[in-house]
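>>> Sequence first, predicted coordinates after that:
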Amino acid sequence: MPADPDVPSAPADTLRALGAQLLVRGWLSANNVVFAGGGETGAAVVDSGYVTHGTQTLALLEHALAGQPLARLYNTHLHSDHCGGNAALLRRWPQARLAVPAGYAPHVQPWDAQGLGFHAMDQQFEPFEVHGFLRPGDTVRLGRRDWEIHATPGHDPHAVVLFEPSSRTLISGDALWEQRLAIIFPELVGEAGFDEAQRALDLIEGLRPRLVLPGHGDAFTGVPAALAASRRRLEAFRAAPLKHHQYATRALVTYHLLEHRAQPREALQRWIVQTPVLRHAVDAHAGSHAGDALGFARETVDRLVADGVVVEDRGWVRMAG
Ligand SMILES: [Zn+2]
């Protein structure tokens, strides 16, 4: 398709034209998209990282904002790695207003940690006050442009992506990554999510983004390849849901170990069996393998060790490297 002549194509040029900075974060924290030159609506940031990284997030934002106060804060979805810094940011900039996807309204006003799933995942969080909602079909002003709000259920039922049509830039959250597919959480707890994730990929394809600012990893322009890889992964999971359970369990165990550094193997296996969000996966495997729940947990840790993701030393397990 022909390129719009007035739109710069290199990611750095596009980001500059949009007044956006992508702060690529390590695991536990999602990326932050910062709009320092906020125009009439003030400086804004999309997603705020994990709660234990609050100090680091604040330092990064102070630097990116170069003395401007934060006026607006948005979340693509309310997973702990995307909204964990909300409370710290609102303490630092009390005049800032926070808006989250509208689907969460029943769980944030009043605050409902159970409904938000933080307990189910056994992840830390700090409650925060929500001032408004992102409604699919509306736009939100970021920098000097209007960004469209689109619903992208699948990974999370209420997640949204933000799309700037003139540059065709997409803030994708966890709906599209360059190389991997995020866990389809509803499927993990026995609800439908694969069809929704498929439709989210179709929607993103229809937007024809040129540049994607994902929730994790670097900005990328190879959108057709990323969509194709995500679809392949999704089809494989749909064909063998137990594989999705395994993938999700590995990812959540890894996240848990990144947070807690080292764990006795026994404690880690117990965590797998007892963490509510994994109950369905554990039951499904225990049933299909003629093994018990602990057998599945042991197998999960064995595989992570065999694959070099974690190392085991005198009964303790920790991340490799
Ligand atoms: Zn997520």
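Alright, I've got the coordinates.
>>> mind giving me the domain ranges of the chain?
Recorded structural domains for the chain (assignment: automatic domain parsing) are 11-238, 241-319.
>>> Any idea which of those gets closest to the ion?
domain 11-238 (3.5 Å; CB to the ion). C-betas here are computed from N, CA, C, even on glycine.
>>> Kindly confirm my reading that Glu148 is in a strand.
Yes. Under DSSP: H, G, I helix; E, B strand; the rest coil, Glu148 falls within a strand.
>>> pLDDT value on it, please?
Per-residue confidence (pLDDT) for Glu148: 98.
>>> ranges for the strands of this structure?
Using DSSP state E, the strands found in the chain span residues 20-23, 32-35, 43-46, 70-74, 97-101, 132-134, 139-142, 145-151, 160-164, 169-173, 211-214, 262-264, 310-313, 316-319.
>>> Rebuild those as a markdown table, extending it with mean neighbour count and distance to Leu181.
Formatted as a markdown table, those follow (neighbours: other CB atoms under 10 Å; distance: least, CB to CB, whole Å):
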| stretch | mean neighbour count | distance to Leu181 |
| --- | --- | --- |
| strand 20-23 | 20 | 21 |
| strand 32-35 | 26 | 21 |
| strand 43-46 | 27 | 21 |
| strand 70-74 | 24 | 23 |
| strand 97-101 | 21 | 20 |
| strand 132-134 | 18 | 23 |
| strand 139-142 | 20 | 26 |
| strand 145-151 | 20 | 18 |
| strand 160-164 | 25 | 15 |
| strand 169-173 | 27 | 12 |
| strand 211-214 | 27 | 12 |
| strand 262-264 | 15 | 26 |
| strand 310-313 | 15 | 21 |
| strand 316-319 | 17 | 21 |
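>>> will you turn the ones you listed into TSV that also has distance to Arg91?
Putting the strands of the chain into TSV (distance: least, CB to CB, whole Å) gives the following:
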stretch	distance to Arg91
strand 20-23	19
strand 32-35	17
strand 43-46	14
strand 70-74	11
strand 97-101	12
strand 132-134	19
strand 139-142	22
strand 145-151	26
strand 160-164	25
strand 169-173	24
strand 211-214	26
strand 262-264	31
strand 310-313	35
strand 316-319	30
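>>> In a markdown table: the ones you listed, plus distance to the ion.
Output for the strands of the chain, formatted as a markdown table (distance: least, CB to the ion, whole Å):
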| stretch | distance to the ion |
| --- | --- |
| strand 20-23 | 17 |
| strand 32-35 | 14 |
| strand 43-46 | 13 |
| strand 70-74 | 15 |
| strand 97-101 | 12 |
| strand 132-134 | 15 |
| strand 139-142 | 19 |
| strand 145-151 | 15 |
| strand 160-164 | 12 |
| strand 169-173 | 7 |
| strand 211-214 | 11 |
| strand 262-264 | 23 |
| strand 310-313 | 22 |
| strand 316-319 | 20 |
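>>> one step back: any idea which of the domains of the chain is most buried?
domain 11-238 (a mean of 20; mean count of other CB atoms under 10 Å).
>>> Which of the domains of the chain has the lowest mean pLDDT?
Among the domains of the chain, domain 241-319 scores lowest, at a mean of 91.
>>> got a list of what Thr76 touches?
30, 46-47, 82, 101, 159-162, 171-175, 215 (CB atoms under 8 Å, 6 or more residues apart in numbering).
>>> Okay, now stretch 314-321: how far is its last residue from its first?
Taking CA to CA, to the nearest Å, stretch 314-321 runs 17 Å from one end to the other.
>>> typed the wrong thing, it's stretch 311-321
With CA to CA as the measure, what separates the two termini of stretch 311-321 is 9 Å.
>>> How about stretch 122-136?
29 Å.
>>> what's in contact with that stretch?
So stretch 122-136 is contacted by 50-52, 74, 80, 83-84, 86-88, 90, 97-102, 104-105, 108-109, 111, 113, 116, 118, 140, 149-151, 160, 255-256, 259, 271, 275-277 (CB under 8 Å, 6+ apart).
>>> try stretch 305-321
Outside stretch 305-321, the residues touching it (CB under 8 Å, 6+ apart) are 250, 254, 257-258, 261-266, 268, 301, 304.
>>> Recalculate using a threshold of 7 Å.
254, 257-258, 261-265, 268, 301, 304 (CB atoms under 7 Å, 6 or more residues apart in numbering).
>>> show me the contacts for Ala43.
35-36, 65, 68-71.
>>> Identify the farthest-apart pair in the residues you listed.
By the measure CB to CB, Phe35 and Pro69 form the most distant pair in those, at 12.9 Å.
>>> got the residues of the chain near the ion?
79, 174 (CB under 5 Å from the ion).
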